[in-house]
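Asks: Just need the structure, nothing else, for what follows:
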Amino acid sequence: MKQQKIRGLHRDLGYFYIGLIISFAFSGILMNHRDSWHPEKYTVETKAVTVKLPAEELISEKYAESLGKELGIDDKIRRHSVKKGTFKISFENHDVEIDMETGKGEVVAFKKTPIISHAMKLHKNTSEWWIYYSDIFGISLIVIAVTGALMIPYGKFTFKKRGLKLAVAGVVFPLLFLFLLS
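Replies: Purely as a prediction, here's the structure:
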C-alpha cells in the first residue's frame with residue numbers, strides 16, 4: 001500500500017471513529033468503577049425498613065418479588081442474593097439491602113443518570129446490530145493501529161526501530177496485571 005493511502009486510511013478512520021472512541025473510553029472508565037459509586041444511577045429517596053426474613057434457604061426469587069411488593073416497590077426485579085449476612089434485591093429503580101439477623105435495612109429509590117447511563121449502555125448492549133457495529137469498530141481499531149505503525153517509513157522512530165518495543169510493552173503490561181493480580 002502506498003504511503004499516501006496508508007496515511008489517508010488512518011486519518012479517515014480516526015476521524016470517523018473519534019466520537020465512538022471517546023464515548024467508549026468514557027463508558028469504560030465509568031464501568032470500571034460501577035461497584036464503588038454506581039455512576040449509572042442517583043439516589044432519589046432512602047427509606048429505612050424492618051422486616052422478618054425467613055431462613056436463608058427459603059429465600060427465592062418469588063419471595064424477593066413478594067417482599068418488594070410488600071415494601072411498595074412496583075418494579076421489575078433484576079436479581080437477588082444473600083452474601084455476608086445481607087439480603088440484597090436489585091430492581092429496575094430500587095435497591096433493597098436487609099441484614100439477615102436483625103431484619104433491618106433500607107430501600108433506596110433511584111433514577112438513571114442522564115447521559116452517563118446511556119453511555120454505559122455502550123458496554124452493556126447486546127443487540128445484534130450493536131454487536132456487528134462493535135465488531136466493525138474493533139476491526140477498524142486494528143486497521144488504525146496497523147496503519148499508524150506503518151506511517152513513518154524511515155528514521156529513528158520507525159515501527160521496526162522504536163514502535164515494536166513499545167507495542168510489545170503495551171501487550172505485556174496488561175497481561176502482567178491479569179496474571180499477577182487475579
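
Asks: Mind listing residues that contact stretch 99-118?
Replies: 30, 38-53, 56, 71, 73, 82, 85-87, 93-98 (C-beta atoms under 8 Å, 6 or more residues apart in numbering). (Glycine included, C-beta is placed from N, CA and C.)

Asks: okay, how far is it across that stretch, tip to tip?
Replies: Using C-alpha to C-alpha, to the nearest Å, one end of stretch 99-118 lies 32 Å from the other.

Asks: Could I get the average pLDDT for that stretch?
Replies: For stretch 99-118, mean pLDDT rounds to 87.

Asks: Ok, stretch 149-166 next?
Replies: The pLDDT scores in stretch 149-166 average 80.

Asks: Which positions within it qualify as buried?
Replies: Ala149, Leu150, Met151, Ile152, Phe159, Gly163 (16 or more other C-beta atoms under 10 Å).

Asks: Could you do stretch 141-151 as well?
Replies: In terms of neighbour count (16+ other C-beta under 10 Å), stretch 141-151 has its buried residues at Leu141, Ile144, Thr147, Gly148, Ala149, Leu150, Met151.

Asks: Secondary structure of the fifth one: a helix, I assume?
Replies: Yes - with DSSP: H, G, I helix; E, B strand; the rest coil as the criterion, Ala149 is located in a helix.

Asks: Identify the residue spatially nearest to it, adjacent ones excluded.
Replies: Of all residues not flanking Ala149 in the chain, Phe159 sits nearest, at 4.3 Å (C-beta to C-beta, 6 or more residues apart in numbering).

Asks: Check the third one too.
Replies: Distances taken as C-beta to C-beta, 6+ apart place His10 nearest to Thr147, at 3.7 Å, with adjacent residues excluded.

Asks: Validate this expectation: Gly72 resides in a strand.
Replies: No - counting by three-state DSSP, Gly72 is located in no strand; its state is coil.

Asks: count of residues packed around it?
Replies: Gly72 has 11 neighbours, counted by other C-beta atoms under 10 Å.

Asks: burial of Gly105, as a residue count?
Replies: Residues lying near Gly105 (other C-beta under 10 Å) number 22.

Asks: what is the residue nearest to it when sequence neighbours are not counted paired to in the beta sheet?
Replies: Spatially, and ignoring its direct neighbours in sequence, Gly105 is nearest to Ile98 (3.2 Å; C-beta to C-beta, 6+ apart). Going by DSSP bridges, Ile98 is paired in beta bridges with Phe87, Gly105.

Asks: Tell me if I'm right that Ile98 and Leu53 touch.
Replies: Yes - contact criterion C-beta atoms under 8 Å: Ile98 and Leu53 qualify, at 6.4 Å.
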